[in-house]
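Enquirer: Provided below for reference: sequence and predicted model.
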Amino acid sequence: MQVMRGWATRYAPWVGLVSILGTAQQAVAGDYEGSPQVAEFVGEMTRDYGFAGEQLMGVFREAQRKQSILDAISKPAERVKQWNEYRPMFITDARIARGVDFWRQHEAVLARAEQEYGVPAQVIVSIIGVETFFGRNTGNFRVIDALSTLGFDYPPRAEFFRKELREFLLLAREEQVDPLTLKGSYAGAMGLPQFMPSSFRAYAVDFDSDGHINIWNNPDDAIGSVASYFKRHGWVAGEPVVSRADVRGEQVDEGLTTGIEPTKTVGELRALGWSSHDALRDDMPVTAFRLEGDNGPEYWMGLKNFYAITRYNRSVMYAMAVHQLSEQLVQARGVK
């Protein structure tokens with residue numbers, strides 16, 4: 001079949017590696033050896049994407065089902081923390097100090113990313129800081145194990161993780177890397193910015209122009225990829241992120257947003273007793289939310305750039321942590 005011959009020629013190093021793995025492991029039955037689900041998945045990858053079936057089976061002979069991954073994703077969610085408990089988890093002296101160092105170390109690359117994508121350097125640094133403490137905590141699970149375990153042994157979200165497994169195998173082929181060596185979180189999030197494979201293929205960039213995209217240990221590519229992600233998700237250069245609000249009256253809570261999407265306008269909120277600390281247009285859509293701070297309730301209006309941050313992680317507290325850490329980084333960098 002022509003498409004398979006072309007694939008094999010173009011990705012010979014990857015094919016050769018997987019072929020060797022398959023040959024070496026033929027006598028050893030792995031966790032997914034003989035699995036009907038895996039056989040069906042390999043058939044789809046062969047038919048739809050030109051993978052060689054036996055060679056791909058060599059990968060799955062090496063993949064391991066990890067009970068620790070199933071335990072991690074299945075454990076009951078912890079009590080939802082209030083903002084005054086959540087914020088100190090991410091905005092610490094150590095994280096700020098490391099962030100300032102990271103910013104200085106990669107200042108030229110961050111400046112170029114800000115110039116090309118319009119995303120401030122401090123926001124890019126903050127994302128990497130919140131996600132992995134600047135590379136300290138990128139995950140120790142093999143991505144193939146994480147996505148295989150969740151794709152074939154976690155029915156509640158199997159469809160999602162099988163899609164990510166497909167994207168992962170495609171990116172390994174495209175980048176000509178051994179899919180058995182790449183590591184990430186228990187859910188398959190990868191590298192300094194913790195991209196899922198689908199996000200990698202859609203938004204990651206080769207920011208140092210070396211012919212490969214490496215978000216695991218190449219800060220240049222990680223920086224450019226975060227900036228690319230935010231640009232593609234609607235970040236507006238030079239615009240603010242949030243606006244603090246004062247509230248009064250009995251209808252205040254009627255203005256609170258359900259979910260993340262900005263469903264109310266500034267004018268609608270004003271009619272319900274909200275007043276912004278900043279001059280905002282009445283027709284501007286915002287995400288209206290309340291946080292429990294150290295000194296009582298805080299009311300905020302999240303603007304378009306706030307919504308862009310929530311596209312990275314659908315949580316207003318996450319977005320506020322990223323935003324406030326970025327502010328702390330600017331302040332710390334200015335006085336040191």
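Expert: Looks like it came in fine. Bear in mind the structure is a predicted one, so any value in this text is a computation, not a measurement.
Enquirer: C-alpha only now, for contacts and for neighbours.
Expert: Will do.
Enquirer: okay, which residue is most central for the protein?
Expert: Phe195 (3.9 Å; CA atoms, centre = their mean).
Enquirer: That residue against Ser185, yeah?
Expert: No - using CA atoms under 8 Å, Phe195 is not in contact with Ser185, being 10.0 Å away.
Enquirer: which residues does Thr287 contact?
Expert: Leu256, Thr257, Ile260, Glu261, Pro262, Thr263, Lys264, Met301, Gly302, Leu303, Tyr307 (CA atoms under 8 Å, 6 or more residues apart in numbering).
Enquirer: Double-check that it belongs to a helix.
Expert: No - counting by DSSP: H, G, I helix; E, B strand; the rest coil, Thr287 is not found in a helix; it is strand.
Enquirer: Kindly provide the distance from it to Val242.
Expert: Relative to Val242, Thr287 is positioned 9 Å away (criterion: CA to CA, to the nearest Å).
Enquirer: can you list residues touching both of those two?
Expert: Contacts common to Thr287 and Val242, judged by CA under 8 Å, 6+ apart, are Met301, Gly302, Leu303.
Enquirer: Look at the nearest residue to Arg314 once chain neighbours are set aside and say how many residues are nearby.
Expert: Using CA to CA, 6 or more residues apart in numbering and skipping the chain neighbours, the partner closest in space to Arg314 is Ile260 (6.8 Å). Using other CA atoms under 10 Å, Ile260 has 18 other residues around it.
Enquirer: next one: Trp83
Expert: 21.
Enquirer: so what's it scoring on pLDDT?
Expert: pLDDT recorded at Trp83 is 97.
Enquirer: before we move on, the earlier item: could you check the distance from the closest residue to the residue nearest to the centre of the chain other than its chain neighbours over to Phe134?
Expert: Excluding the flanking residues, the one nearest Phe195 by CA to CA, 6+ apart is Ala189, at 5.1 Å. Distance of Ala189 to Phe134, computed by CA to CA: 15 Å.
Enquirer: How about Ser326?
Expert: For Ser326, the distance to Phe134 - CA to CA - is 14 Å.
Enquirer: residues in contact with the spatially closest residue to Gly249 that is not a sequence neighbour?
Expert: In space, and not counting its chain neighbours, Gly249 is closest to Gly273: 5.8 Å by CA to CA, 6+ apart. Neighbouring residues of Gly273 by CA under 8 Å, 6+ apart: Val247, Arg248, Gly249, Glu250, Gln251, Val252.
Enquirer: let's go with 7 Å and repeat that
Expert: Val247, Arg248, Gly249, Gln251, Val252 (CA atoms under 7 Å, 6 or more residues apart in numbering).
Enquirer: Check those residues and tell me the two furthest apart.
Expert: Val247 and Gln251 (9.4 Å; CA to CA).
Enquirer: neighbour count winner among the two?
Expert: Val247 (18 against 14).
Enquirer: phi, psi of that one?
Expert: phi -140, psi 150 (degrees, to the nearest 10).
Enquirer: The closest residue to it other than its chain neighbours: neighbouring residues, count only.
Expert: Spatial nearest neighbour of Val247, chain neighbours left out: Trp274 (4.6 Å); criterion: CA to CA, 6+ apart. Applying other CA under 10 Å, we find 25 residues neighbouring Trp274.
Enquirer: The residue nearest to Gly249 and Thr263: what is the separation?
Expert: 17 Å.
Enquirer: Ok, Glu175 next?
Expert: From Glu175 to Thr263 the distance is 40 Å (CA to CA).
Enquirer: Show me what the longest helix along the chain is packed up against.
Expert: Longest helix of the chain, by residue count under DSSP state H: helix 316-335. Here helix 316-335 touches helix 83-90, helix 93-105, helix 121-132, helix 304-310, going by 3 or more CA pairs under 7 Å, 6 or more residues apart in numbering; DSSP states H and E.
Enquirer: Looking at these, which is nearest to Phe51?
Expert: Per CA to CA, nearest to Phe51 of these: helix 121-132, 32.8 Å.
Enquirer: Please find the angle between the direction vectors of the closest one and helix 316-335.
Expert: Angle, helix 121-132 to helix 316-335, by axes from the mean of the first three to the mean of the last three CA atoms, to 10 degrees: 130 degrees.
Enquirer: Check which element follows helix 121-132 along the chain.
Expert: strand 141-142 (DSSP states H and E).
Enquirer: So for that next one, mean pLDDT?
Expert: Here the average pLDDT along strand 141-142 is 98.
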